[in-house]
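S.K.: quick one, what's the 3D model for this:
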Amino acid sequence: MVDNFSGPALSSAPGARPHPAIVMADEVADSAADQLQQEMGAEIRRVAGADRAGVLRALMEADPVALLVRSATAVDAELLRAAPQLRVVGRAGVGVDNINIPACTARGVAVVNTPLANSHSAAEHTIGLLLAVARNLAVADSSLRAGQWRRSELTGVEIYSKTVGIIGFGTIGRLVARRLQAFDARVIANDPYIDPDSAARAGVELVSKEELMRSADVVALHVPKTPETTGMVDARLIALAKPGQILINAARGGLIDDAALANSIRSSDGPHRGAGIDVWDNEPDVHSPLLELPQVVATPHLGAATFEAQERVGREVAGYIAAVLRGERVPTAVNAADLYR
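M.R.: Below is the predicted model:
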């Protein structure tokens, strides 16, 4: 959503070039580059976000008006200084914990993201992880390929009639709830920012995190990574879990104490049956203690990794970037409240 903004359009900015330079510092769908080239005549420069020196070099050489990233590129004061003409940072995805929002705002740089474009894919991945853990699918697949027939020891559990707790009842949390209700599961949720009547209309009861952990057979996390949520599923909360609980995190890395959860799964008297983890504290992360456990189904941040979601993300973030460069206000910008006041 965009409307008129009193800020200057790109064409009227001092020193503006007829073909604005845009740096894509992470792997983004070609649809984003195509759209920006068609709408703005943009010159696109691609560079791997994991190569920080390469990103800095590209910013200094291209002096871009827009920077497009996913989660691999840390957009901090150093990167901002390397691009004095920068007008907008586009995050092709939801989480913006890799972007220094105050530093961008201080420079007058809009930060736009795509919180809805990959919601369906993230919700579906959550369900996929849950089913894989509940039915031991990863172990069953690998053992069968190794010539082992372990049918009797790989008995799983149903989702039918179970209680599922969702921490974070925003867009993705609600989509997950709807899908789980189709399994005839009871859904409860924890979210201090959601009105109880709104949750009730979705057929969901709001409870405290402690009550949710004690009551839920399955817990799914769908919160952003903030100072408030970092490490929120700590050893204390893990110890409260209902015996046999499955924990799913397809939200952001760093929400869970990996070591405490691994101990809970590994221990004979620990409450957790297993976990499905898609996101990690320091990505790429191949050293988490959770990766040592066969009861954990682990994926490398694939929640939004579908062709459909990436196309939507690319088109949406390109549209927001083009709007900012045309001098339009983007009310959904992450820093809109400070940037446009």
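
S.K.: could you use CA atoms for every contact and neighbour count after this?
M.R.: OK.

S.K.: now the helices for the stretch 101-250 of the chain?
M.R.: Assigned by DSSP state H, counting those that start in this stretch, the helices in the stretch 101-250 of the chain fall at 101-106, 119-134, 137-145, 171-181, 196-201, 209-215, 235-239.

S.K.: between these, which one is nearest to A323?
M.R.: helix 101-106 (17.2 Å; Cα to Cα).

S.K.: so which elements touch the closest one?
M.R.: strand 110-113 (3 or more Cα pairs under 8 Å, 6 or more residues apart in numbering; DSSP states H and E).

S.K.: the strand it packs on pairs with which strands?
M.R.: When sheet partners are counted by DSSP bridges, strand 110-113 sits next to strand 88-91 (parallel).

S.K.: give me the residues contacting the strand it pairs with.
M.R.: 65-71, 109-114, 317-318, 320-321, 324-325 (Cα atoms under 8 Å, 6 or more residues apart in numbering).

S.K.: quick check: closest non-adjacent residue to T306.
M.R.: In space, and not counting its chain neighbours, T306 is closest to S121: 6.7 Å by Cα to Cα, 6 or more residues apart in numbering.

S.K.: so who does the one you found touch?
M.R.: 303-306, 309.

S.K.: narrow those to those in helices?
M.R.: Judged by DSSP state H, the contacts of S121 include A309 as members of helices.

S.K.: what would the contacts of S121 look like in TSV with distance to S198 and neighbour count?
M.R.: Output for the contacts of S121, formatted as TSV (distance: Cα to Cα, whole Å; neighbours: other Cα atoms under 10 Å):
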residue	distance to S198	neighbour count
G303	26	24
A304	26	22
A305	30	14
T306	30	14
A309	27	21
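
S.K.: pick the one among the contacts of S121 closest to Q181.
M.R.: For these, the nearest to Q181 is G303 (20.4 Å; Cα to Cα).

S.K.: from T73, how far out is R52?
M.R.: Distance of R52 to T73, given as Cα to Cα, to the nearest Å: 7 Å.

S.K.: more neighbours, those two?
M.R.: Using other Cα atoms under 10 Å as the criterion, R52 and T73 rank with T73 on top: 20 against 16.

S.K.: so what sits opposite V219 in the bridge?
M.R.: With DSSP bridges as the rule, V219 is bridged to G165, L247.

S.K.: that one contacts E210, doesn't it?
M.R.: No. Assessed by Cα atoms under 8 Å, V219 is found out of contact with E210, at 11.7 Å.

S.K.: any low-confidence regions in this structure?
M.R.: For the chain, the stretches with pLDDT under 70 are 1-18.

S.K.: do you have the strands of it handy? List them.
M.R.: 3-4, 21-24, 43-46, 66-69, 88-91, 110-113, 163-167, 186-190, 205-206, 218-221, 245-249, 272-277, 296-298, 328-329 (DSSP state E).

S.K.: can you pull the contacts of I167?
M.R.: Listed by Cα under 8 Å, 6+ apart, the contact partners of I167 are 173, 189-191, 209, 219-223.

S.K.: then L175?
M.R.: Listed by Cα under 8 Å, 6+ apart, the contact partners of L175 are 119-120, 123.

S.K.: any idea how far it lies from L221?
M.R.: From L175 over to L221 (counting by Cα to Cα), the distance is 13 Å.

S.K.: V75 now?
M.R.: Relative to L221, V75 is positioned 25 Å away (Cα to Cα).

S.K.: compare the two (neighbour count), which wins?
M.R.: Legend: neighbour count by other Cα under 10 Å for V75 and L221, higher for L221 (24 against 20).

S.K.: doesn't F169 make contact with that one?
M.R.: No. Using Cα under 8 Å, L221 is not in contact with F169; the gap is 9.1 Å.

S.K.: how about A239, what does it touch?
M.R.: A239 neighbours (Cα under 8 Å, 6+ apart): 264, 270-271.

S.K.: can you give me the neighbour number for the closest residue to L339 other than its chain neighbours?
M.R.: Nearest residue to L339 in three dimensions, chain neighbours excluded: T105, at 6.1 Å (Cα to Cα, 6+ apart). The number of residues packed around T105, counting by other Cα under 10 Å, is 19.

S.K.: gap between T105 and R87?
M.R.: For T105, the distance to R87 - Cα to Cα - is 10 Å.

S.K.: same check, this time on A53
M.R.: A53 is 21 Å from R87, by Cα to Cα.

S.K.: my read: E43 touches Q35, true?
M.R.: No. Here E43 lies out of contact with Q35, judged by Cα under 8 Å, at a distance of 11.6 Å.

S.K.: which residues touch H120?
M.R.: 172, 175, 309.

S.K.: actually, G270.
M.R.: Contacts of G270 were listed using Cα under 8 Å, 6+ apart, and they are 239, 243, 263-264.
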